[in-house]
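**Student:** Make a model of this:
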Amino acid sequence: MKTTHSEVATASAPDSTATGFPVPYTLSELAGRVTGVVLLPGDDGYEAERTGIQTGHAHRPSVIVGADTAADVVAAVRYAGANGLPVSAQSTGHGLAAASDGGVLISTRRMDEVRVDAEARTAWAGAGALWADVIEEAGPYGLAPVNGSSPGVGVVGYTLGGGLGILGREFGYASDRVRLVEMVTADGVLRWVTPERDAELFRALLGGGHGLGVVTGLEFGLVPVERVYGGQLAFGAGLMDEALPAYLAWTEDLPDALTSSVGLIAYPDVPAVPGHLRGRHLAQIRIAYTGPVAEGERLVAPLRAVGPRVADTLRDMPYTESHTIHQDPETPHAYDGDSVLLSGLDAAELREVTALTGPDAPMMTVVQLNHLGGALATGGGSVGHRDARYLLRLLSPLDGTDVAAVRALHARVRAALAPKAVGRSVNFLFGEHGDAMADAYEEDVYRRLAAAKAAYDPENLFRA
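**Tutor:** Prediction:
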């Protein structure tokens, strides 16, 4: 059940200063106010609590509050504000950008409640809920969320950055379907934010919500999708020069019900990689189509005509198996990443990207090119650069690799695409990238977000 106003009042401090924060209290008093855990460096569980799936960058807080409820989050925010400590929040840690050093980390992974209202076609997801949880709960009703490719990603963090899903061209960004945001703002108040109650804050949260508070839950709309025609067509290095131009040409005329991407991966020749992939450079075209299977087969025929595939996994599947389309890794690992939104892309530019990131590159770099447009080009909120035609994402493992070297390679790729670049995607900036966040939004949107930050967190309590 969602925390009520009376429960929050019970958890709050008894006294307030002129700024609205409670009089400073001790860690032992904080621990007495929360039902979750309070951890310090060296405590059992501290290392596990601060670490997410992104192990290349990790928070190093002075205090961790493992929240069980929204009331716990209120207590943690009030403690931090009263003692002048910055606040970060983390559930799964997939998209960690700027890792905190000191301050209070609010871990929301325990707040994983999911409720589905089949009649209203809505879902409620707590701050720690995963997309896998929502997919499982919605599936029996013939409904689905607008989730991403990895079922292990957290609902809240993904959605606050916009949320580019595997059905995005048909249903838009995940943030477009949000109806209510439950959050704790810097004044230590639990709020239910809707377009009617606070239009400006609501709009800012949807696509630009990181750093405006700690979101404790979301209510959002589901879509009537029970099955999907999807999978991969994988081409080897020998057909790369044919497959990639064919993909670009193919995306020129597709129905919105078909969302796709192409992954470019030069697999290292190491024992950890499955034998059939080891040492191979592949172009993996990922497809999700909600129309009839026969029409899906007709639509992909031009791609199959390119030539023999290393793999062809396209099939009709229940939506609950849609995670098999991308087969994203589920185990924690170290990585750094960047992105570039593009107004267009031609075959020569994509060949240059392939050359820079292929087998001769100084380190492994996974490239994903997402075809945008359709419903992604419309909608409200604060998602930036909706008119972009493609999103190119770069991700490099960090184990044994220097971060500076990774950034240098990513910069070369971005430079090659500079004539078509319109910005970056906030959900695909992994690691600290300085002022790159400004690239994720048009100037007027960025000014609105800055105004929301100044209004709701003037002391910069929350660090995104």
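
**Student:** Only C-alpha atoms from now on, for both contacts and neighbour counts.
**Tutor:** OK.

**Student:** what about the strands in the stretch 151-300 of the chain?
**Tutor:** Using DSSP state E, counting those that start in this stretch, the strands found in the stretch 151-300 of the chain span residues 178-184, 190-193, 214-221, 227-235, 258-266, 281-289.

**Student:** Does the last one pack against any helices or strands, and if so which?
**Tutor:** The reference is to strand 281-289. In terms of contacts (3 or more CA pairs under 8 Å, 6 or more residues apart in numbering; DSSP states H and E), strand 281-289 is packed against strand 227-235, helix 240-250, strand 258-266.

**Student:** all helices for the chain, in order.
**Tutor:** 5-11, 27-33, 46-50, 70-82, 131-138, 155-160, 168-171, 199-208, 240-250, 293-304, 347-357, 403-416, 443-456 (DSSP state H).

**Student:** Please tabulate the ones you listed in CSV, including the columns distance to Ser396, mean neighbour count and mean pLDDT.
**Tutor:** Output for these, formatted as CSV (distance: least, CA to CA, whole Å; neighbours: other CA atoms under 10 Å; pLDDT from 0 to 100):
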stretch, distance to Ser396, mean neighbour count, mean pLDDT
helix 5-11, 42, 14, 33
helix 27-33, 39, 15, 90
helix 46-50, 22, 18, 88
helix 70-82, 34, 27, 95
helix 131-138, 24, 22, 97
helix 155-160, 20, 28, 94
helix 168-171, 25, 23, 98
helix 199-208, 25, 24, 95
helix 240-250, 21, 18, 97
helix 293-304, 28, 15, 98
helix 347-357, 10, 17, 97
helix 403-416, 7, 16, 94
helix 443-456, 28, 16, 95
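
**Student:** In CSV: those helices, plus distance to Leu218.
**Tutor:** Listed next are the helices of the chain as CSV, based on distance: least, CA to CA, whole Å:
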stretch, distance to Leu218
helix 5-11, 17
helix 27-33, 24
helix 46-50, 23
helix 70-82, 12
helix 131-138, 12
helix 155-160, 7
helix 168-171, 18
helix 199-208, 11
helix 240-250, 36
helix 293-304, 33
helix 347-357, 38
helix 403-416, 34
helix 443-456, 19
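
**Student:** So for Glu321, which of those helices sits nearest?
**Tutor:** Closest to Glu321 of the helices of the chain is helix 131-138 (CA to CA; 9.4 Å).

**Student:** How far away from the center of its chain is that closest one?
**Tutor:** Computed by CA atoms, centre = their mean, to the nearest Å, the chain-centroid distance of helix 131-138 equals 16 Å.

**Student:** what helices or strands is it leaning on?
**Tutor:** strand 114-117.

**Student:** buried ones in the strand it packs on?
**Tutor:** Neighbour counts over strand 114-117 (16 or more other CA atoms under 10 Å) mark Val114, Arg115, Val116 as buried.

**Student:** Out of the residues you listed, which comes closest to Ala80?
**Tutor:** Nearest member of those to Ala80, counting by CA to CA, is Val114, at 28.2 Å.

**Student:** Return stretch 454-461 as PDB; C-alpha atoms alone will do.
**Tutor:** Once non-C-alpha atoms are left out, stretch 454-461 reads as follows in PDB (Å, rounded to 0.1, in the frame of the first residue of the first chain):
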ATOM      1  CA  ALA A 454      15.700  26.500  -8.500                       C
ATOM      2  CA  ALA A 455      12.200  26.400  -7.300                       C
ATOM      3  CA  TYR A 456      12.100  22.900  -5.700                       C
ATOM      4  CA  ASP A 457      15.800  22.400  -4.700                       C
ATOM      5  CA  PRO A 458      17.400  25.800  -4.400                       C
ATOM      6  CA  GLU A 459      20.300  24.500  -2.200                       C
ATOM      7  CA  ASN A 460      21.100  21.600  -4.600                       C
ATOM      8  CA  LEU A 461      20.400  18.900  -2.000                       C
END
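
**Student:** Spatially central residue in the chain, please.
**Tutor:** Nearest residue to the geometric centre of the chain (CA atoms, centre = their mean): Tyr158, 3.3 Å.

**Student:** Tell me, how many residues neighbour the residue nearest to that one when sequence neighbours are not counted?
**Tutor:** Counting by CA to CA, 6 or more residues apart in numbering, Tyr158 lies nearest to Asn427, which is 6.9 Å off, once chain neighbours are set aside. Around Asn427 there are 23 other residues, counting by other CA atoms under 10 Å.

**Student:** same deal with Ala174?
**Tutor:** Applying other CA under 10 Å, I find that Ala174 has 29 neighbouring residues.
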